[in-house]
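1. would you be able to build a 3D model of this:
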Amino acid sequence: HTRAHIFRAILESVCYGTRSCFDALEAAATKHQQSSDMDGDDTPGNKSNEVVIAGGATRSNLWLQLHADITGRTFLLNENTDGPLLGCAILASVGAGIYDSVDEAVDNMVRRERKIEPRADVKEVYDRLYEEVYLRARPGVKGVFHALAELRGGGMSFSEKFQGRRQRDSKQQGSKIPKKCGNWGMSCLRNHRGGSVDE
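-> Sure thing, here's the model as predicted:
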(Lines give C-alpha, C1' and ligand atoms only; values in the text may rest on other atoms or scores of the structure.)
Protein backbone atom coordinates (compact mmCIF):
# COMPACT_ATOMS: atom_id res chain seq x y z
CA HIS A 1 0.00 0.00 0.00
CA THR A 2 1.05 3.59 -0.64
CA ARG A 3 0.48 6.84 1.24
CA ALA A 4 -2.49 7.46 -1.05
CA HIS A 5 -4.17 4.27 0.24
CA ILE A 6 -3.63 5.36 3.84
CA PHE A 7 -4.95 8.85 3.11
CA ARG A 8 -8.05 7.47 1.38
CA ALA A 9 -8.64 5.05 4.26
CA ILE A 10 -8.59 7.98 6.69
CA LEU A 11 -11.13 9.86 4.55
CA GLU A 12 -13.32 6.76 4.35
CA SER A 13 -13.14 6.25 8.12
CA VAL A 14 -14.45 9.78 8.69
CA CYS A 15 -17.29 9.10 6.23
CA TYR A 16 -18.16 5.89 8.08
CA GLY A 17 -18.26 7.94 11.28
CA THR A 18 -20.64 10.36 9.57
CA ARG A 19 -22.86 7.47 8.53
CA SER A 20 -22.79 6.13 12.07
CA CYS A 21 -23.93 9.56 13.35
CA PHE A 22 -26.77 9.66 10.82
CA ASP A 23 -27.84 6.15 11.83
CA ALA A 24 -27.79 7.08 15.53
CA LEU A 25 -29.85 10.23 14.91
CA GLU A 26 -32.40 8.29 12.88
CA ALA A 27 -32.60 5.56 15.52
CA ALA A 28 -33.20 8.19 18.20
CA ALA A 29 -35.85 9.87 16.04
CA THR A 30 -37.55 6.51 15.44
CA LYS A 31 -37.53 5.75 19.17
CA HIS A 32 -38.96 9.19 19.90
CA GLN A 33 -41.56 8.70 17.17
CA GLN A 34 -42.65 5.38 18.65
CA SER A 35 -43.14 6.94 22.07
CA SER A 36 -45.01 9.88 20.47
CA ASP A 37 -47.26 7.46 18.58
CA MET A 38 -48.32 5.97 21.91
CA ASP A 39 -49.30 9.47 23.00
CA GLY A 40 -51.46 9.94 19.89
CA ASP A 41 -48.96 12.09 17.97
CA ASP A 42 -49.05 11.27 14.25
CA THR A 43 -46.10 13.47 13.20
CA PRO A 44 -43.99 11.62 10.59
CA GLY A 45 -40.62 10.25 11.70
CA ASN A 46 -37.29 11.79 10.72
CA LYS A 47 -35.20 10.09 8.07
CA SER A 48 -32.63 12.02 6.09
CA ASN A 49 -31.94 11.32 2.46
CA GLU A 50 -30.35 14.67 1.60
CA VAL A 51 -27.64 16.70 3.30
CA VAL A 52 -26.95 20.37 2.60
CA ILE A 53 -23.22 20.92 2.99
CA ALA A 54 -21.29 24.17 3.29
CA GLY A 55 -17.79 25.39 4.04
CA GLY A 56 -14.38 24.12 3.03
CA ALA A 57 -15.59 20.54 2.53
CA THR A 58 -17.39 21.67 -0.64
CA ARG A 59 -14.04 22.25 -2.36
CA SER A 60 -13.20 18.55 -2.62
CA ASN A 61 -15.18 16.45 -5.08
CA LEU A 62 -13.57 13.27 -3.69
CA TRP A 63 -14.63 14.15 -0.13
CA LEU A 64 -18.21 14.84 -1.24
CA GLN A 65 -18.46 11.71 -3.38
CA LEU A 66 -17.07 9.50 -0.61
CA HIS A 67 -19.63 10.92 1.82
CA ALA A 68 -22.46 10.33 -0.64
CA ASP A 69 -21.34 6.77 -1.47
CA ILE A 70 -20.73 5.72 2.15
CA THR A 71 -23.75 7.38 3.78
CA GLY A 72 -26.11 6.64 0.88
CA ARG A 73 -27.38 10.21 0.94
CA THR A 74 -27.46 12.96 -1.65
CA PHE A 75 -25.23 15.93 -0.79
CA LEU A 76 -26.56 19.31 -1.91
CA LEU A 77 -24.34 22.32 -2.54
CA ASN A 78 -25.55 25.88 -2.68
CA GLU A 79 -24.20 28.52 -5.02
CA ASN A 80 -22.81 30.31 -1.96
CA THR A 81 -21.06 27.65 0.14
CA ASP A 82 -20.23 29.99 3.04
CA GLY A 83 -23.20 29.05 5.24
CA PRO A 84 -22.62 31.44 8.16
CA LEU A 85 -22.01 34.39 5.84
CA LEU A 86 -25.12 33.62 3.81
CA GLY A 87 -27.15 33.24 7.00
CA CYS A 88 -25.99 36.66 8.20
CA ALA A 89 -26.89 38.19 4.84
CA ILE A 90 -30.36 36.60 5.00
CA LEU A 91 -31.01 37.99 8.47
CA ALA A 92 -29.61 41.41 7.49
CA SER A 93 -31.88 41.55 4.44
CA VAL A 94 -34.92 40.95 6.66
CA GLY A 95 -33.68 43.49 9.21
CA ALA A 96 -33.15 46.07 6.45
CA GLY A 97 -36.66 45.50 5.13
CA ILE A 98 -35.59 44.02 1.78
CA TYR A 99 -37.62 40.92 2.55
CA ASP A 100 -40.59 40.59 4.91
CA SER A 101 -39.55 37.27 6.46
CA VAL A 102 -36.65 34.88 6.78
CA ASP A 103 -38.56 32.34 4.66
CA GLU A 104 -38.95 34.89 1.86
CA ALA A 105 -35.26 35.82 2.09
CA VAL A 106 -34.22 32.17 1.94
CA ASP A 107 -36.45 31.57 -1.09
CA ASN A 108 -34.76 34.45 -2.90
CA MET A 109 -31.17 34.16 -1.70
CA VAL A 110 -30.41 30.44 -1.38
CA ARG A 111 -29.77 28.83 -4.74
CA ARG A 112 -28.84 25.19 -5.30
CA GLU A 113 -25.79 24.76 -7.48
CA ARG A 114 -25.43 20.99 -7.73
CA LYS A 115 -25.92 17.70 -5.97
CA ILE A 116 -23.67 14.71 -5.42
CA GLU A 117 -25.57 11.43 -5.70
CA PRO A 118 -24.39 8.12 -4.24
CA ARG A 119 -23.24 5.67 -6.93
CA ALA A 120 -25.28 2.49 -6.47
CA ASP A 121 -22.49 0.02 -7.33
CA VAL A 122 -19.95 1.74 -5.07
CA LYS A 123 -22.49 2.19 -2.27
CA GLU A 124 -23.14 -1.56 -2.32
CA VAL A 125 -19.46 -2.27 -1.57
CA TYR A 126 -19.32 0.39 1.18
CA ASP A 127 -22.57 -0.94 2.70
CA ARG A 128 -21.05 -4.37 3.03
CA LEU A 129 -17.85 -2.99 4.60
CA TYR A 130 -19.91 -0.89 7.00
CA GLU A 131 -22.12 -3.75 8.13
CA GLU A 132 -19.57 -6.58 8.15
CA VAL A 133 -16.44 -4.73 9.28
CA TYR A 134 -17.03 -1.21 10.68
CA LEU A 135 -19.96 -2.05 12.94
CA ARG A 136 -18.18 -5.16 14.26
CA ALA A 137 -14.85 -3.39 14.88
CA ARG A 138 -16.24 -0.24 16.50
CA PRO A 139 -17.20 -1.70 19.91
CA GLY A 140 -13.74 -3.22 20.30
CA VAL A 141 -11.88 0.07 19.81
CA LYS A 142 -14.35 2.47 21.44
CA GLY A 143 -12.74 2.24 24.87
CA VAL A 144 -9.26 2.62 23.41
CA PHE A 145 -10.22 5.82 21.58
CA HIS A 146 -11.82 7.26 24.70
CA ALA A 147 -8.65 6.50 26.68
CA LEU A 148 -6.50 8.17 23.99
CA ALA A 149 -8.76 11.23 24.02
CA GLU A 150 -8.40 11.48 27.78
CA LEU A 151 -4.61 11.18 27.56
CA ARG A 152 -4.51 14.01 25.04
CA GLY A 153 -6.57 16.28 27.25
CA GLY A 154 -10.01 15.58 25.83
CA GLY A 155 -11.41 13.88 28.90
CA MET A 156 -12.29 15.76 32.04
CA SER A 157 -12.16 12.64 34.15
CA PHE A 158 -8.48 12.09 33.34
CA SER A 159 -7.65 15.76 33.88
CA GLU A 160 -9.38 15.77 37.24
CA LYS A 161 -7.58 12.60 38.26
CA PHE A 162 -4.25 14.02 37.14
CA GLN A 163 -4.81 17.33 38.97
CA GLY A 164 -5.67 15.48 42.17
CA ARG A 165 -2.67 13.18 41.83
CA ARG A 166 -0.37 16.10 41.03
CA GLN A 167 -1.44 17.96 44.17
CA ARG A 168 -1.06 14.85 46.33
CA ASP A 169 2.36 13.97 44.86
CA SER A 170 3.63 17.53 45.20
CA LYS A 171 2.68 17.65 48.87
CA GLN A 172 3.90 14.17 49.79
CA GLN A 173 7.05 13.79 47.71
CA GLY A 174 7.94 17.29 46.48
CA SER A 175 7.64 15.82 42.99
CA LYS A 176 8.71 17.89 39.99
CA ILE A 177 5.62 17.15 37.95
CA PRO A 178 5.29 19.86 35.30
CA LYS A 179 3.02 22.74 36.24
CA LYS A 180 2.18 23.52 32.61
CA CYS A 181 0.95 20.66 30.47
CA GLY A 182 -1.55 22.44 28.23
CA ASN A 183 -2.41 19.47 26.03
CA TRP A 184 -1.48 16.04 27.15
CA GLY A 185 0.83 15.30 24.21
CA MET A 186 3.78 12.92 24.17
CA SER A 187 6.28 15.57 25.31
CA CYS A 188 4.23 16.26 28.44
CA LEU A 189 3.86 12.55 29.07
CA ARG A 190 7.65 12.04 28.74
CA ASN A 191 8.25 14.94 31.10
CA HIS A 192 5.82 13.50 33.64
CA ARG A 193 7.62 10.15 33.49
CA GLY A 194 11.01 11.81 33.98
CA GLY A 195 12.15 12.58 30.43
CA SER A 196 12.86 16.00 29.00
CA VAL A 197 10.15 18.02 27.27
CA ASP A 198 12.72 18.92 24.62
CA GLU A 199 13.36 15.30 23.61
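2. a helix runs through Glu113, doesn't it?
-> No. Per DSSP: H, G, I helix; E, B strand; the rest coil, Glu113 lies outside any helix segment and is strand.
3. gap between it and Val52?
-> Glu113 sits at a distance of 11 Å from Val52 (criterion: Cβ to Cβ, to the nearest Å). The C-beta positions use only the backbone N, C-alpha and C, and glycine is treated the same way.
4. quickly list what's touching both of these two.
-> Jointly contacting Glu113 and Val52 under the rule Cβ atoms under 8 Å, 6 or more residues apart in numbering are Leu77, Asn78.
5. tell me the pLDDT at Val144?
-> Listed pLDDT for Val144 reads 87.
6. so it is in which element?
-> Under the criterion of DSSP states H and E, Val144 resides in helix 135-151.
7. tell me which residues of that helix are tucked away?
-> Glu150, Leu151 (16 or more other Cβ atoms under 10 Å).
8. what helices and strands are in contact with it?
-> On a contact count with 3 or more Cβ pairs under 8 Å, 6 or more residues apart in numbering; DSSP states H and E, helix 135-151 meets helix 156-173.
9. now do the helix it packs on, average pLDDT.
-> Here the average pLDDT along helix 156-173 is 53.
10. so where do the helices sit in the chain?
-> According to DSSP state H, the chain carries its helices in the segments 3-38, 61-71, 83-95, 102-109, 120-129, 135-151, 156-173, 186-192.
11. how about stretch 114-128: buried residues?
-> Here stretch 114-128 shows Ile116, Pro118, Lys123, Tyr126 as buried, counting by 16+ other Cβ under 10 Å.
12. got it, and stretch 10-29?
-> Leu11, Glu12, Cys15, Tyr16, Thr18, Arg19, Phe22.
13. could you redo those residues as TSV and give each row distance to Ala149 and pLDDT?
-> What follows is the buried residues of stretch 10-29, written out as TSV (distance: Cβ to Cβ, whole Å; pLDDT from 0 to 100):
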residue	distance to Ala149	pLDDT
Leu11	21	95
Glu12	21	96
Cys15	20	96
Tyr16	18	96
Thr18	18	95
Arg19	21	95
Phe22	22	93
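14. closest one of those to Leu64?
-> Cys15 (10.1 Å; Cβ to Cβ).
15. spatially nearest residue to that closest one, not counting backbone neighbours?
-> The shortest distance from Cys15 to any non-neighbouring residue, by Cβ to Cβ, 6 or more residues apart in numbering, is to Ile70 (4.0 Å).
16. could you count how many residues lie near Thr71?
-> Thr71: 24 surrounding residues under other Cβ atoms under 10 Å.
17. find the nearest non-adjacent residue to it, please.
-> Leaving out its chain neighbours, the residue that sits closest to Thr71 by Cβ to Cβ, 6+ apart is Arg19, at 4.5 Å.
18. residues contacting stretch 79-98, please?
-> With contact meaning Cβ under 8 Å, 6+ apart, stretch 79-98 is reached by 53-55, 58, 78, 99-102, 104-106, 109-113.
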